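A.B. asks: Here's my sequence, what's the structure:
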Amino acid sequence: MNTNAVETTDLSNDPGLRVPIYFPTAEKRLFGWLHYPASRNANCGLGLVICNPFGYEAICAHRSMRAIAEAVADLGIPVLRFDYQGAGDSGDIGSEADQMAVWVGDVMAAADELKRLTGVEGICLLGTRLGGLLAIEAARQCGSVHSLILIEPVVTGLSYLREMRRVRLAASLGGGQQVVPANVRQEEIEVSGFSLSSATVAALIKTDLMTLDAPPAPGMLIIDRADLPSARKWSEAMSRKEARVAYVTLPGFVEMIMTPAESATIPVAMIEKIREWLPGAAVQQPLGSTRIRDRVNERDCTAYNSVMQIPCIGGESGSPLTEYAIRFGPDEILFGIVTKPYPGEVRKRAVIFLNTGAVHHVGLSRSAVSLARKWAQSGYLSLRMDLAGIGDSETRPGRPLNEVFTPTAVEEIREAVELVRTRYGIQDISLVGVCAGATHALHAAVAGLPVSRILLANPMIFFWKSTVTNNDIIRISEAMNNPTGYRSRIFSALHWKRLLTGQVQLAVIPRVYLHRFLMAVKSTLREVARRINMHLPDDLGWELESIAARGVKSLFVFAPGEPGIELLRIEAGSSLSKLGDRCRVRIIEGADHAFSQQGPRSRLEEILSEELLSQ
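C.D. replies: The predicted structure is shown next:
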């Protein structure tokens with residue numbers, strides 16, 4: 001995992017007001033963020049709807065989509081960014097549904113909602129990758145869409161599916177699994193934990209923008225990636241059909257959408273181009289004396305906390321669950337989504353989900369959403385939160401954006417725990433975290449926060465000084481895993497050949513063994529200190545014993561080969577065996593670090609549910 005924090009770019013002195021909303025589409029509800037212009041007198045008559053890319057790309061680009069929305073709102077244009085059905089915080093979608101058809105309907109519903117809330121008369125759709133394809137189809141069906149902004153749009157569904165299968169194959173081979181490459185067929189495909197149904201695949205196979213007989217909108221800004229542009233020919237074809245097309249290639253695409261969330265960067269050049277182009281696309285019909293902010297009840301913008309509710313999955317009793325957005329913490333800088341169990345639940349139990357790295361509160365593969373709704377059916381209230389600087393929380397002054405191992409994490413978790421205890425009267429609270437979230441959950445328990453259990457998946461590091469870099473993670477991983485690998489390669493002719501031809505850096509080997517040796521020495525010293533009741537700094541064994549003594553149960557879940565497995569064994573030492581059922585370790589075969597495949601991810605959910613619901 002890349003843990004470098006990325007500095008934010010201040011694109012606006014006053015980004016306006018962000019309001020979370022739920023709105024209807026067909027029989028479901030969608031979650032979104034309405035960005036109001038900073039100026040109360042914005043009367044351009046134009047609104048922007050942001051159409052996210054699909055799956056893991058949307059996870060990586062989440063903060064960039066927020067930055068685009070804030071930058072456009074600063075121009076006086078209201079913006080709605082939202083989650084499709086089955087994505088993010090919106091309602092779920094059937095596994096057999098044609099997602100393309102459903103999501104196009106969601107885009108049109110978002111356009112209608114933006115017009116209803118703000119009074120704008122014209123809509124511009126901004127779509128990235130698959131979101132661009134959805135925006136194009138929605139524009140063809142919706143009369144109020146008069147302009148499009150497309151960032152590296154999918155031109156042919158067939159090429160997109162082939163790319164998705166290559167990504168899936170590369171991930172599988174990277175995990176050491178043998179996979180036979182498949183041609184594009186009409187079958188479900190899962191990529192990085194996100195699925196496209198067979199009906200969706202069939203629809204994509206038939207999709208080719210080059211076959212359009214007319215431009216989808218009169219005005220279009222097409223932003224292609226600078227390194228591998230793919231939409232030039234289509235833009236030229238649309239220009240010949242009398243569309244007003246502005247085509248540019250700009251840097252920043254890979255860094256925005258193909259880079260993990262914790263190291264993704266905001267595409268400043270793209271945002272500036274959008275800001276330059278949009279005013280020319282504004283509707284020339286003013287809204288008269290009606291001002292944008294006056295279209296929405298002002299109380300709903302300021303008295304924000306528990307007013308946005310959404311019916312969720314029915315509980316086992318058939319009673320509805322509810323979800324709503326909430327801000328909390330000092331100056332309400334922290335954001336989260338609360339899922340409440342059915343009315344009448346009296347057992348008073350809660351779960352707090354922490355960020356996985358810099359992934360926003362939905363979790364990798366949307367796992368936090370599915371678990372929150374599943375556990376609510378068993379009577380658990382849940383809060384899936386964003387730490388400061390991550391997802392939809394605000395960034396603390398002087399701190400960087402997407403800071404994974406933030407020094408304020410424990411205090412922010414304390415705010416969440418106190419919220420659950422005071423507002424909902426719940427004392428039985430569990431913390432759930434993956435990767436960095438697991439480390440933060442452990443530290444919160446060690447700090448004495450009043451929690452009952454911590455459920456930790458694939459922590460990679462337990463202690464750090466002030467900041468954590470890629471080199472720190474790599475060094476720990478090498479020290480945990482490479483010595484065994486080096487020993488196994490002694491009799492390998494291939495690895496001897498690589499060594500003699502200079503493909504292996506000899507200097508790395510003694511460094512790895514030295515690091516491992518020093519860790520073993522420190523572990524032995526801590527074992528001795530614990531026996532004479534002396535507490536040394538960074539003693540994981542002592543910390544696990546101390547939280548167990550307070551009645552806090554711990555569960556560690558790992559994928560095979562994770563460096564955290566050996567790190568836990570070395571740093572906790574004999575304490576693990578002493579704790580017994582109060583601190584358990586489970587291994588899920590076939591899993592990768594992110595539990596990106598459906599089978600291992602389902603097994604993870606089963607193990608966590610067993611631990612939680614057996615209490």
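A.B. asks: SS state for the residue nearest to the spatial centre of the chain?
C.D. replies: Note on the chain: the residue nearest the mean C-alpha position is V359, at 3.4 Å, using Cα atoms, centre = their mean. What DSSP: H, G, I helix; E, B strand; the rest coil gives for V359 is coil.
A.B. asks: residue contacts, the nearest residue to it once chain neighbours are set aside?
C.D. replies: Nearest-residue entry for V359: A261, 5.0 Å, with adjacent residues in sequence omitted and distances by Cβ to Cβ, 6 or more residues apart in numbering. Heads up, the C-betas are built off the backbone N, CA and C, glycines and all. If you count contacts by Cβ atoms under 8 Å, 6 or more residues apart in numbering, A261 has them with I59, C60, H62, R63, G357, A358, V359, H360, N402.
A.B. asks: of these, closest to D213?
C.D. replies: Among the contacts of A261, C60 lies closest to D213 (Cβ to Cβ), at 34.6 Å.
A.B. asks: Report how many residues lie close to the nearest residue to E152 once chain neighbours are set aside.
C.D. replies: In this structure, E152 finds its nearest non-sequential neighbour in R225, 5.1 Å apart by Cβ to Cβ, 6+ apart. Here the count is done by other Cβ atoms under 10 Å, and R225 has 20 residues near it.
A.B. asks: Identify the residues contacting R225.
C.D. replies: R225 makes contacts with E152, T249, L250, F253, V254, as judged by Cβ under 8 Å, 6+ apart.
A.B. asks: With pLDDT and secondary structure as added columns, please give those in JSON lines.
C.D. replies: Supplementary listing: the contacts of R225 in JSON lines, determined by pLDDT from 0 to 100; DSSP: H, G, I helix; E, B strand; the rest coil:
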{"residue": "E152", "pLDDT": "97", "secondary structure": "coil"}
{"residue": "T249", "pLDDT": "97", "secondary structure": "strand"}
{"residue": "L250", "pLDDT": "97", "secondary structure": "strand"}
{"residue": "F253", "pLDDT": "96", "secondary structure": "helix"}
{"residue": "V254", "pLDDT": "94", "secondary structure": "helix"}
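A.B. asks: Which residue in the contacts of A261 has the weakest pLDDT?
C.D. replies: For those, the model is least confident at N402; its pLDDT is 89.
A.B. asks: my guess is that one contacts P260, does it?
C.D. replies: No: here N402 does not reach P260: they are 9.6 Å apart, not a contact under Cβ atoms under 8 Å.
A.B. asks: Would you agree the residue nearest to V359 falls within a helix?
C.D. replies: No: secondary structure assignment places A261 outside any helix; it is coil (three-state DSSP).
A.B. asks: Which phi and psi values does it adopt?
C.D. replies: Note on A261: its backbone torsions stand at phi -50, psi -40 [degrees, to the nearest 10].
A.B. asks: what are the bridge partners for the residue nearest to E152, then?
C.D. replies: Each beta-bridge partner of R225 is listed here: L250, as defined by DSSP bridges.
A.B. asks: now the strands for the stretch 351-500 of the chain?
C.D. replies: Secondary structure of the stretch 351-500 of the chain, counting by DSSP state E, counting those that start in this stretch: strands at 380-386, 428-434, 453-457.
A.B. asks: Does the nearest residue to V446 once chain neighbours are set aside belong to a helix, a strand or coil?
C.D. replies: What sits nearest to V446 in space, not counting adjacent residues and going by Cβ to Cβ, 6+ apart, is E543, at 4.7 Å. At E543 the chain is in helix, as set by three-state DSSP.
A.B. asks: how far away is E543 from M220?
C.D. replies: E543 sits 57 Å away from M220 when distances are taken as Cβ to Cβ, to the nearest Å.
A.B. asks: What are the contacting residues of the helix or strand where A199 lies?
C.D. replies: Taking DSSP states H and E as the definition, one finds A199 inside helix 198-205. Counting by Cβ under 8 Å, 6+ apart, helix 198-205 makes contact with 96-101, 157-158, 160-161, 184-189, 196, all of which sit outside it.
A.B. asks: quick one: stretch 118-133 to chain centroid distance?
C.D. replies: Mean-position distance between stretch 118-133 and its chain equals 22 Å (Cα atoms, centre = their mean, to the nearest Å).
A.B. asks: Low-confidence ranges, the stretch 1-150 of the chain, go.
C.D. replies: Across the stretch 1-150 of the chain, residues meeting the criterion (pLDDT under 70) sit at 1-16, 39-44.
A.B. asks: give me that answer again for 90
C.D. replies: Within the stretch 1-150 of the chain, the segments meeting pLDDT under 90 span 1-18, 26-29, 36-45, 95, 121, 142-144, 146.
A.B. asks: Please enumerate the helices of it.
C.D. replies: Counting by DSSP state H, counting those that start in this stretch, the segments of the stretch 1-150 of the chain that form helices are 56-73, 99-118, 130-141.
A.B. asks: and L30, which of these is closest to it?
C.D. replies: When these are ranked by distance to L30, counting by Cβ to Cβ, first place goes to helix 99-118 at 6.0 Å.
A.B. asks: Could I have the CA atoms of stretch 204-221 written out in PDB?
C.D. replies: Output of stretch 204-221 as PDB, limited to C-alpha atoms (Å, rounded to 0.1, in the frame of the first residue of the first chain):
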ATOM      1  CA  LEU A 204     -21.500  -3.000 -23.500                       C
ATOM      2  CA  ILE A 205     -20.500  -5.400 -26.300                       C
ATOM      3  CA  LYS A 206     -23.100  -3.700 -28.500                       C
ATOM      4  CA  THR A 207     -22.000  -0.100 -27.600                       C
ATOM      5  CA  ASP A 208     -19.800   1.900 -30.100                       C
ATOM      6  CA  LEU A 209     -19.900   5.700 -30.100                       C
ATOM      7  CA  MET A 210     -18.600   5.700 -33.700                       C
ATOM      8  CA  THR A 211     -22.000   4.500 -34.800                       C
ATOM      9  CA  LEU A 212     -23.900   7.500 -33.500                       C
ATOM     10  CA  ASP A 213     -25.700   9.300 -36.300                       C
ATOM     11  CA  ALA A 214     -26.000  12.600 -34.400                       C
ATOM     12  CA  PRO A 215     -24.100  14.400 -31.600                       C
ATOM     13  CA  PRO A 216     -25.500  13.600 -28.100                       C
ATOM     14  CA  ALA A 217     -25.400  17.300 -27.200                       C
ATOM     15  CA  PRO A 218     -24.800  20.500 -29.100                       C
ATOM     16  CA  GLY A 219     -21.700  21.400 -27.100                       C
ATOM     17  CA  MET A 220     -19.000  19.100 -25.800                       C
ATOM     18  CA  LEU A 221     -15.600  19.300 -24.100                       C
END
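A.B. asks: lowest-confidence helix or strand of this protein?
C.D. replies: Across the helices and strands of the chain, mean confidence by mean pLDDT, DSSP states H and E is lowest for helix 298-302: a mean of 35.
A.B. asks: Now do the residue of the chain most remote from its centre, the pLDDT please.
C.D. replies: Going by Cα atoms, centre = their mean, the residue of the chain most distant from its centre is I532, 44.9 Å out. On the pLDDT scale, I532 is placed at 71.
A.B. asks: One more: L449?
C.D. replies: In this prediction, L449 has a pLDDT value of 98.
A.B. asks: So what's the residue count around it?
C.D. replies: Neighbours around L449, by other Cβ under 10 Å: 22.
A.B. asks: With D538 instead?
C.D. replies: Counted with other Cβ under 10 Å, the burial measure for D538 works out to 13 neighbours.
A.B. asks: And for A269?
C.D. replies: Applying the criterion other Cβ under 10 Å, we find 13 residues in the vicinity of A269.
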